[in-house]
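Asker: What follows is a predicted protein model with its sequence.
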Amino acid sequence: MLTPNCRHLLEKLDGISSDVLWDIGDESQEVYKEAFPKLANFVSKLDFEADREKILALIEYLSKELMHPSQPTYRKEGGLSGFVTLTTVLGKDFTSQLLEEILPPVLVILQDSSVRHAAYQAIYEIARVVGRGIIMFFDRIVYVFSLLPKDSDTVPSYTNDILAKIVELAATDDGKLSIEEFLNFLKGRMRKIHYKGRLFLLHWIQNNARGLVDDEWFIIEFIDAWFHKLSDPEPNEREKACQELALILSLIKFGHVRHYFI
């Protein structure tokens, strides 16, 4: 059932039948739904250290077999659901160690409009599992989101909604929203994040936690992010950065810069 270039994965994935692996991407909803409990059962029995090769082989199957560009939509959706099942069963600690392998194929498939909504949901579910650890990949997520076509009004609004939910998940610790702790966590990492991600985070802070951060730190970070945006490849974005910086510098000159951020 599997394509020839994935036959070698069967040797690594002993313990789960090829039928189940195929059914994950079956066109029939009934067959599709019956496959995931079997997949979850298989993953739950794995020892993360001893069976790491099996987990990596499963990731390779989901990304390269089911989510290959040549596959039909229902196969790609099966691959995305497979990643959600895998991360949910593995849990926070183990998934966090594999984010470098799990997240990139999910981000890549966002470019496919036929499964974009499913990919958004998969990213959110993965972020829900790893919590604060997702912030290490936040700039990559924002960058990929920024590459999505602007041919639909729903794309920018939906991406902003998903990003806001991801930030809230990153600010949640043990089921409780802990914004002050999250801000302290961010301060040492903000300059390592791509300017697009930084601007989104700063706007989020402005709307949700403005009174919890030091004015000087916040203003400096905001100005620095806008200066970096001057190198954006899009002329409209560079023009926007020029306008924002001109406004901020004018407010600084007249001693009203804090009004910009209220």
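Answerer: That came through fine. Numbering: from 1, shown residues only.
Asker: Next up, the contacts around L201.
Answerer: F138, V167, L186, M190, I193 (C-beta atoms under 8 Å, 6 or more residues apart in numbering). C-beta: built from backbone N, CA, C; applies to glycine.
Asker: Equivalent analysis for S178, please.
Answerer: Here S178 is in contact with A171, T172 (C-beta under 8 Å, 6+ apart).
Asker: Which pLDDT value belongs to it?
Answerer: Per-residue pLDDT puts S178 at 81.
Asker: One more: S17?
Answerer: Here the pLDDT value assigned to S17 is 84.
Asker: and if you look at S146?
Answerer: Per the predicted model, pLDDT is 80 at S146.
Asker: With Y260 instead?
Answerer: Y260 is assigned a pLDDT of 65 by the prediction.
Asker: cool, V155 as well?
Answerer: For V155, pLDDT reads 58.
Asker: what does Q29 give?
Answerer: For Q29, the predicted pLDDT is 88.
Asker: Low-confidence ranges, the stretch 101-250 of the chain, go.
Answerer: 150-156, 174-175 (pLDDT under 70).
Asker: how about 90 then?
Answerer: Low-confidence segments of the stretch 101-250 of the chain (pLDDT under 90): 111, 113, 131-133, 135-198, 200-220, 222, 234, 247-250.
Asker: one step back: from the contacts of L201, which two are the most distant?
Answerer: The most widely separated members of those, counting by C-beta to C-beta, are V167 and M190 (12.9 Å).
Asker: who has more neighbours, those two?
Answerer: V167 (22 against 16; other C-beta atoms under 10 Å).
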